[in-house]
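*Asks:* no sequence on this one, just coordinates:
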C-alpha cells in the first residue's frame, strides 16, 4: 500500500490527451488485458488469435472459455488495484454482459479496480443494441471501442465486415444512450481500391458522430492472413503513398474538432485518451488473460498459447497457458521505452537512450530530415509516418550506450 | 641420374569442362601415383573456389612413373596450366616448361577459342601437340566432326587424334603410350651452368614461397646458393624435390626434370613466374627468354561496406597476394565510399575471383567500383599521365588527348551466330578483322576492340547472344587515341566514383541515362528527395529523382505484443545491414553490383 501512497497525484481527466505529464504518468498505471477470441468469421486482414464457430473444439462453449479466464486470473499473483481493463479480441461483444461482469468481478476480487478505472471493450457495431449497451454499462464498462472501420460499403465489403454504415451510427447512439462515458470510433484506411475522397468522407461521417475518441489505422498486410495470400496471388496491396495522403487528409480534418492527435493513430477529447493504451506506450505493466494474450509484468513480457484446445487443456491441468516469455532489461528495455514512447505526440523523456540516439549518425540524419526532435529533455516524433525509421535507428544503438538510466 | 630420353614433360590444353581434371586424375590412377582410396575427383584442383567454378587458378606439376608398352619405364611430368584468358602469361610459362601438349577437346562441343589460342601458343613455343578427343562415351559425342575440325585448325590427319573417355578410362593407355612415342624428350645440356625455369609458385604458411621449376640446363642440388636472375634475389635451396604427387624431397634435380624448390623466401614478389634460377657460384651467362613483369589490365576500387573493415580488407589483400603476385593494390580514398583500395587485376575473371575470395574466405562485404582500364592522358603541357581511375582523369581543359588500350580478340562461334557477334563487336567499337571457317558450322573471328569495351560485361553479352556457344580469347594490342570523356554520376549532388566511368563520347549519354535510371530503381526511397544525375564536366546530361519515402510505420501495437513489433523491426534492420552510406544516402550493396550490369 505504501507503493500506492507514493504515486504522484495527477488528475488525468483534466489534461489534454497529448500532455507530456499525462503521457509520462501513465507509466505508473496497472492494467489488465482480456482476450476474447470468438468471431463469427475471420476478417481477411486480421491475424489476432481468433476462433470461429467451426474452429471451436467440439463440446466447448463460450462459457467454458470464461471459466478458464477466471481460473487464469487466479493464477496471476495478486497486484495493486487496476487502473484500466481492456477487453480485446476477436470479438468481445460475443460475450454476454453477464460474462463480462463475471470477468470483471474476478479481476476485482484478485487485484481490485481503482475507483476511476477505465473498463473498455472492443465492439462490432452490429452487436451493439441499446439493450446490450445498457447491460455493459451496468456491468461497469465505461468505454466502448467501436470497430466501424469505414462508412464506405465497398470498403466494408473488402474488409469482410458484416455491418452497414447505418449500424455504426446506431451503435454510437446506443452507447451514448446507455451512458457509456467514452466512445471511440475505430477506422481502417488504405484498403486497396479505397480513394482518398472516399476516405475523407468516412472521416467526415465519423467526426459527425462526435465521438470522444478516434482511432485510424493504416491497413497492414500481416503474414498468414487471407489478405496476404491474396496479395501474394497478385491482388493490389495498399499503396504507402496513398496511405500517406489519407493520413494527411485525416489529420487535417480532425484539426477542426475538439479531438487532439495524441498518438500516431489516435485522437481524443480531453479526458478521453485511452488509459490502457497510454499505459502500454509508457512501458507500463499489464497482466493479460486469454488466448494469445500478451502481458508485461516485472520486466517480463509473456505470451499465451494461440490455440483454444491447448489453452483449455493447460488451464484444466492447473498450468498457466504460456507459450513463451522474454526478460526485457538493460539496454533492450531502454530502447523499448523509447520506441513505445515515441508513438505519442508528447514524445518521451530522452534519457540515456534518447541522448545516444540524438548523438548517433542515424539520429542526426533523422533530426536533419525533421523526423525526430530532441528538445527540452524529450525526444519527439515530428513526422509520425516515418516512426519506424526512428525505431530502427533506436534498435541499432549499442546496448551499452543506452543502459543504466532506467534500471533501479 | 635419369636418362633424358626417359622423360616426357607435357601439359594439357583444354577448355573449362572439357575434362582436363578428370583426365589428369585418370593418369594418376593409371600410373599408381595415387592409391585408389585416396582418389578424389579432380585431385589437381585444390582450392574450393576452383572446384566450384571448374577452373584452375594455380598450376601444379605431378610426376608419374609409367611402364610403357615398349617395356621401359618413363617419367611423365604433367604440368597443369591455368584455364582462363586472364592467365595467358602464366599459361605460356607452363608451356615453356614442356616439350609437348595434349590438346583436349570435348567430343560433343568442339574446339573453343581459348583452347585454340593456347594451342597456337604451344605451337609457337615449339611444342609437339597430340590432339585428344574426350567424352567419346557421351550420346552427343561426334568425334569425327571434332577430328575434322582439329585438322582444319592444326593440320595433320584425323587419325592423329586419340579418342578417349577420361571418365570410363577408354583410350587412356593408348594415350599414355602416345605421350611416350610422339612427344620429344627434353634436350637440355647437363654440363652447362644451371638454368631452371620458374613456371609457378605458391605461398605456404610454414615454408614460405614454394616454386615449381623445370631444369632446362645443369643440375640443382639441395643446399646450394641460388640466384633468381630477374629479381636478383639470392637464397639457399633449402629443399628440393618432386611431387609424385605427394611432396618427395630429393638431393638433386637433373636436366629435363620438373620439381619444386623451397628457399625460405617469404615474399612471393621476389620469386616470379618466368624467372630463371641459376647457381650463385657458377651462374649461367644468360637467363631464359620470355620473362615478363606481371601487368594488371583491369582496375577497380574495392571498398568495405562497413568503414570499420578497412584494416581487415588490407590484411586480407596482403594474404591473398602471398599467393597471387599479379594482384596489385594501393590505398585509395573516395568521398562517397570512404577508405578502400584501388586494385589491379589481370582481367575480369581474376577480379571476380579476388572479390569472391575476399567476401567468402575473409567474410568481408565489399563494394566494387566500375572496372576501368589504364588510360594514357597527354596533357596540354605535353606530359603524360597514367589514369587508372576515372577520378584521376584531368578536366577537359588540361587534356590534349587520351589513349586507351586495345586488344586483339579471337572469338569462335557457331556460324549461325556470326551476325549477332558482329553486331555486338560493332557496338563495342570493334574493328572487324579476319574470319575463318573452321568447319562449315564453326567460325573463327578476329577483331581489334578497346579493352574497356571488353571488361564491361562483353563476355556475358557474348555468351547470352550465342546461347553460351561462343568462346573468347584476347591479348593486348597497343594503345590508340579515342574521344573519351568521364561521365560522373551524382547522388544527392555528390559524385559517386563507383558509378563514374570513362567512356567514348558517343556512348556517354547512353551510359549516363542508363545508370541514372537504374539507380533510381535500385536505391530505396530515403527520408528526402534524392536527385540522381549524370554529368560530363559539370554539364548534367541526365536526371532522375528518387522521391522521398512518406510512410514507414506500423500503425498498430499488436494488442500489447511489443516483442513482435521489435522482432519485425529487427528483421527489417537486418536487411539494412548491407547498405553503404554514400553521403546522406543509403545505398544497398546490390545496387553497386546491379547498376554496373548495363544491358544493350
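*Replies:* That came in fine, so what should we check first? Note that this is a predicted model, so its numbers are computed, not measured. Residues are numbered from 1 along each chain as shown, chains lettered A, B, ... in the order given.
*Asks:* I'd like to know how far the nearest residue to residue B:281 once chain neighbours are set aside sits from chain A.
*Replies:* The shortest distance from residue B:281 to any non-neighbouring residue, by CB to CB, 6 or more residues apart in numbering or on different chains, is to residue B:225 (6.4 Å). Every C-beta, even on glycine, is put in place using the N, C-alpha and C of the backbone. Residue B:225 is 57 Å from chain A, where distance means CB to the nearest CB, to the nearest Å.
*Asks:* Quick check on residue B:225: phi, psi?
*Replies:* Residue B:225 adopts backbone torsions of phi -80, psi 120, taken as degrees, to the nearest 10.
*Asks:* Now do it: how many residues are near it, please.
*Replies:* 12 (other CB atoms under 10 Å in any protein chain shown).
*Asks:* and it, what are its bridge partners?
*Replies:* Judged by DSSP bridges, the bridge partners of residue B:225 are residue B:236.
*Asks:* Show the model's pLDDT score for it.
*Replies:* Here, the pLDDT recorded for residue B:225 equals 96.
*Asks:* give me the low-pLDDT residue ranges for the chain?
*Replies:* With no chain named, the answer covers chain A. A:1-9, A:404-408 (pLDDT under 70).
*Asks:* That was the other one, I meant chain B.
*Replies:* Of all residues in chain B, those with pLDDT under 70 make up the ranges B:1-2, B:33-59, B:82-86, B:555-559, B:575-577, B:596-600.
*Asks:* Packing partners of the lengthiest strand in chain B?
*Replies:* Ordering each strand of chain B by length in residues (DSSP state E) puts strand B:399-414 first. Using 3 or more CB pairs under 8 Å, 6 or more residues apart in numbering or on different chains; DSSP states H and E, the elements in contact with strand B:399-414 are helix B:113-124, strand B:375-379, helix B:418-427, strand B:442-450, helix B:451-455, strand B:471-482.
*Asks:* most packed of the ones you listed?
*Replies:* Comparing these by mean neighbour count (mean count of other CB atoms under 10 Å in any protein chain shown), helix B:451-455 ranks first with a mean of 24.
*Asks:* helices or strands up against that helix?
*Replies:* Where contact means 3+ CB pairs under 8 Å, 6+ apart, helix B:451-455 is packed against strand B:399-414, strand B:471-482.
*Asks:* So what touches the helix or strand containing residue A:98?
*Replies:* According to DSSP states H and E, residue A:98 maps onto helix A:97-110. Contact with helix A:97-110 is made by A:32, A:34, A:62-63, A:66, A:69-70, A:73-74, A:76, A:78-79, A:82, A:85, A:87, A:92, A:113, A:119, A:121, A:132, A:135-136, A:138-141, as judged by CB atoms under 8 Å, 6 or more residues apart in numbering or on different chains.
*Asks:* can I get the helices and strands packed on strand B:399-414 in TSV with distance to residue B:9?
*Replies:* Shown next, in TSV, are the helices and strands packed on strand B:399-414 (distance: least, CB to CB, whole Å):
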stretch	distance to residue B:9
helix B:113-124	12
strand B:375-379	40
helix B:418-427	37
strand B:442-450	29
helix B:451-455	33
strand B:471-482	24
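*Asks:* Next, find the distance separating the closest residue to residue B:68 other than its chain neighbours from residue B:64.
*Replies:* Spatial nearest neighbour of residue B:68, excluding adjacent residues (CB to CB, 6+ apart): residue B:180 at 4.5 Å. Distance, residue B:180 to residue B:64, using CB to CB, to the nearest Å: 11 Å.
*Asks:* Report the closest residue of the stretch 251-400 of chain B relative to chain A.
*Replies:* In the stretch 251-400 of chain B, the residue found nearest to chain A is residue B:307; the distance is 10.9 Å by CB to the nearest CB.
*Asks:* in stretch B:347-361, what's buried?
*Replies:* B:347, B:348, B:349, B:350, B:351, B:353, B:354, B:355, B:357, B:358 (16 or more other CB atoms under 10 Å in any protein chain shown).
*Asks:* Residue A:196 versus the residue of the stretch 151-300 of chain A found nearest chain B, what's the distance?
*Replies:* Closest residue of the stretch 151-300 of chain A to chain B, CB to the nearest CB: residue A:244 (3.8 Å). Separation of residue A:244 from residue A:196 (CB to CB): 10 Å.
*Asks:* Which one's more surrounded, those two?
*Replies:* Ranked by neighbour count (other CB under 10 Å), residue A:244 and residue A:196 place residue A:244 first, with 19 against 16.
*Asks:* got the contact list for that one?
*Replies:* For residue A:244, the contact set (CB under 8 Å, 6+ apart) comprises A:385, B:550, B:551.
*Asks:* Dump the residues you listed to a markdown table, plus distance to residue B:364 and neighbour count.
*Replies:* Converted to a markdown table, those look like this (distance: CB to CB, whole Å; neighbours: other CB atoms under 10 Å in any protein chain shown):
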| residue | distance to residue B:364 | neighbour count |
| --- | --- | --- |
| A:385 | 36 | 22 |
| B:550 | 35 | 18 |
| B:551 | 35 | 24 |
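*Asks:* closest to residue B:592 among those residues?
*Replies:* residue B:550 (26.1 Å; CB to CB).
*Asks:* wouldn't the residue of the stretch 251-400 of chain B closest to chain A be in contact with residue B:336 here?
*Replies:* No. Using CB atoms under 8 Å, residue B:307 is not in contact with residue B:336; the gap is 11.9 Å.
*Asks:* who's more crowded, those two?
*Replies:* Using other CB under 10 Å as the criterion, residue B:307 and residue B:336 rank with residue B:336 on top: 24 against 13.
*Asks:* If the residue in the stretch 51-200 of chain A that chain B sits nearest to is in a bridge, with which residues?
*Replies:* Closest residue of the stretch 51-200 of chain A to chain B, CB to the nearest CB: residue A:88 (5.6 Å). Beta-bridge partners for residue A:88, by DSSP bridges, are residue A:35.
*Asks:* can you check residue B:67 too?
*Replies:* Counting by DSSP bridges, residue B:67 is bridged to residue B:73.
*Asks:* Can you get me a residue count around it?
*Replies:* Using other CB under 10 Å, residue B:67 is surrounded by 12 other residues.
*Asks:* Check residue B:331 too.
*Replies:* Close neighbours of residue B:331, defined as other CB under 10 Å, add up to 11.
*Asks:* between the longest strand of chain B and strand B:375-379, how big is the angle?
*Replies:* Here the directions of strand B:399-414 and strand B:375-379 differ by 160 degrees (axes from the mean of the first three to the mean of the last three CA atoms, to 10 degrees).
*Asks:* residues of strand B:399-414 that come out buried?
*Replies:* By neighbour count with 16+ other CB under 10 Å, strand B:399-414 contains the buried residues B:399, B:402-414.
*Asks:* could I get the residues you listed as JSON lines with distance to residue B:281?
*Replies:* Shown next, in JSON lines, are the buried residues of strand B:399-414 (distance: CB to CB, whole Å):
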{"residue": "B:399", "distance to residue B:281": "54"}
{"residue": "B:402", "distance to residue B:281": "51"}
{"residue": "B:403", "distance to residue B:281": "47"}
{"residue": "B:404", "distance to residue B:281": "48"}
{"residue": "B:405", "distance to residue B:281": "43"}
{"residue": "B:406", "distance to residue B:281": "46"}
{"residue": "B:407", "distance to residue B:281": "44"}
{"residue": "B:408", "distance to residue B:281": "44"}
{"residue": "B:409", "distance to residue B:281": "48"}
{"residue": "B:410", "distance to residue B:281": "46"}
{"residue": "B:411", "distance to residue B:281": "51"}
{"residue": "B:412", "distance to residue B:281": "50"}
{"residue": "B:413", "distance to residue B:281": "55"}
{"residue": "B:414", "distance to residue B:281": "58"}
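*Asks:* Please report how far the closest residue to residue A:62 other than its chain neighbours lies from residue A:50.
*Replies:* Among residues not flanking residue A:62 along the chain, residue A:38 sits closest, at 6.2 Å (CB to CB, 6+ apart). Distance, residue A:38 to residue A:50, using CB to CB: 8 Å.
*Asks:* shared neighbours of these two, anything?
*Replies:* Contact with both residue A:38 and residue A:50 is made by residues A:89, A:90, according to CB under 8 Å, 6+ apart.
*Asks:* Fine by me, thanks again.
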